[in-house]
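*Asks:* my questions concern the predicted model and sequence given below.
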Amino acid sequence: MDTHNKNLSLTAAEARFGYQVAARLTEGNEQLPADIAERLKGIRHMVADRRRLHRLHHAQVTASTRDGTATLRGPGESSSWRLRLGLLLAIPTLLFGLYALQHFQQERFVRKIADIDTALLLDNLPPQAYVDPGFTSYLRQNDG
């Protein structure tokens, strides 16, 4: 509803600006030679005709009845269902992406832990060596 009000105020501001420009052009029209004034008059009629055709082309109105009341919708309002559908599809897609990312990260973590466990089980050292504080410092020095 808020965007509809913004569009109306923007359209009203454009119309005001158009009227102001037209008034300025009309003021200077009396000083122009007759042939130029006639050409401008022809151009104004051409622009008005094009604008009228443009409005007729874009004013395709659809009527729908709900609960016995008629609702008229213009061409700009018919795209709102596309927006809603896009948002409706975006949310599950985002949730699926987050789930896939979490699953991938968890798989990487499990593989890393499994590699460490495999290395420990296949190593020739006795289990008491892993508890020794000197061995832990030795491993830290070799990692860096």
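*Replies:* Arrived safely, thanks for sending. Numbers count the residues shown, from 1 in each chain.

*Asks:* hey, let's count contacts and neighbours off CA atoms from now on
*Replies:* Fine.

*Asks:* and the longest helix belonging to the chain, how far out from the chain middle?
*Replies:* Counting residues, the longest helix found in the chain (DSSP state H) is helix 80-122. The chain centroid and the centroid of helix 80-122 are separated by 24 Å, computed with C-alpha atoms, centre = their mean, to the nearest Å.

*Asks:* average pLDDT across that helix?
*Replies:* The pLDDT scores in helix 80-122 average 90.

*Asks:* now the element after that helix, going C-ward?
*Replies:* helix 127-131 (DSSP states H and E).

*Asks:* output that following helix as CSV, nothing but the C-alphas.
*Replies:* C-alpha atoms of helix 127-131 as CSV (Å, rounded to 0.1, in the frame of the first residue of the first chain):
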residue,chain,number,x,y,z
PRO,A,127,49.2,-45.1,23.5
GLN,A,128,51.2,-43.8,26.6
ALA,A,129,53.3,-41.7,24.2
TYR,A,130,50.2,-39.6,23.3
VAL,A,131,49.7,-38.7,27.0
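
*Asks:* which residues are contacting the helix or strand following that helix?
*Replies:* Stepping forward along the backbone from helix 127-131, the first helix or strand reached (DSSP H and E) is helix 133-143. For helix 133-143, the external contacting residues (C-alpha atoms under 8 Å, 6 or more residues apart in numbering) are 129-130.

*Asks:* same thing but at 10 Å, please
*Replies:* The contact list for helix 133-143 (C-alpha atoms under 10 Å, 6 or more residues apart in numbering) reads 128-130.

*Asks:* same check, this time on stretch 83-99
*Replies:* Stretch 83-99 is contacted from outside by 79-82, 100-105, using C-alpha under 10 Å, 6+ apart.

*Asks:* identify the residues contacting residue 29.
*Replies:* 23, 36-37, 40.

*Asks:* likewise residue 21?
*Replies:* 15, 27.
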